[in-house]
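In: I need the structure of the sequence given here:
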Amino acid sequence: MSNLVEDYSYRWENDEVLVEITYSVAGVSTTVVITSRFTGKMMLLDVGDGALRDLLARGSIDFVNDIDVIAITHGHFDHMGGLYPLLGFMRMLGRSEPLNILAPAGCVEVTNVVHAFRQAYHSTIPFRIFIHEVGNNTGFDTDFFKTEAVEVEHFGLENTSGEDRLMPALGFRVRVGQTLVAYTGDTRYCEGAEKVVQNADIAIIEATRTEAPEAGFRVHLSEEEAQRLGSLAKEFLLVHRLPASVINDG
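Out: Numbering: from 1, shown residues only. You can find the predicted model right below:
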């Protein structure tokens, strides 16, 4: 069962899992929260700007200890800009359990943030942080979540080569019990994106563009392409849309 909670927030649930997209707007922030109904443990897919605020708005600080894994699809700020504040809040409230962070191999934005946090507070961090750089078809399992990373195709403004050179970017397939949650991250249409969503119980798919551009390198999915990907899953949600003000002004 799924429903739109607010303009940019979504919710899907069944007997095994609750999936909350606390906020998702292209170029601003995206955070996906997966909560196991068996254990109460949580996994975050991306932590965009305001992720800490959005987690607090859920009405509890239990997430400080309940977050088991954070998986980040790529290094753009709207997908990992909330990592440092979240780590700081966990430190302030005395989290004790180790924290696993998954990131694409070569994603310097994530490794640099964690390095800076460790450097600033190295003697007063009460929990261990493990960064796992993962690549295509890499599996990562904990007691609560079974995750598979799939390489997708995305790049951004840091590509100044004039060539169609991709940045490190992943989609994730997460299994909780018998439920499969899929998340494309940011991608253009590609074989990897199809693999991410195939047969998922719920697929969370970026749909940034209202139409596919006629020229230039492809960066994001159009809504038509996102719908096509969604047809490969049992249910899907389209997220990461442009802000209404951008669309209206464009």
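
In: buried residues, whichever helix in the chain runs longest. List them.
Out: Longest helix of the chain, by residue count under DSSP state H: helix 108-121. For helix 108-121, the buried set under the neighbour-count rule, 16 or more other C-beta atoms under 10 Å, comprises 109, 110, 113, 114, 117. Backbone N, C-alpha and C define where each C-beta goes, glycine included.

In: who are the contact partners of the second one?
Out: What it means is residue 110. Residue 110 makes contact with 72, 75, 80, 83, 101, 103, 131 under the criterion C-beta atoms under 8 Å, 6 or more residues apart in numbering.

In: quick one: the strands in this protein?
Out: For the chain, applying DSSP state E gives strands covering 2-6, 9-13, 17-25, 29-36, 42-47, 67-71, 99-104, 129-134, 139-141, 146-151, 170-176, 179-183, 202-206, 236-239.

In: distance between the fourth one and the chain's centre?
Out: What it means is strand 29-36. Distance of strand 29-36 from the chain centroid (C-alpha atoms, centre = their mean, to the nearest Å) equals 7 Å.

In: picking up where we left off before, can you give the distance of the longest helix of the chain from its chain's centre?
Out: Distance of helix 108-121 from the chain centroid (C-alpha atoms, centre = their mean) equals 19 Å.

In: dump it to CSV, restricted to CA.
Out: Extracted in CSV, the C-alpha atoms of helix 108-121 (Å, rounded to 0.1, in the frame of the first residue of the first chain):
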residue,chain,number,x,y,z
VAL,A,108,35.5,10.8,-2.3
GLU,A,109,32.7,13.0,-1.1
VAL,A,110,31.5,10.4,1.5
THR,A,111,35.0,9.3,2.6
ASN,A,112,36.1,12.9,3.0
VAL,A,113,33.1,13.7,5.2
VAL,A,114,33.7,10.7,7.5
HIS,A,115,37.4,11.5,7.6
ALA,A,116,36.7,15.1,8.6
PHE,A,117,34.3,13.9,11.3
ARG,A,118,36.8,11.5,12.7
GLN,A,119,39.6,14.1,12.6
ALA,A,120,37.5,16.6,14.5
TYR,A,121,36.2,14.3,17.2
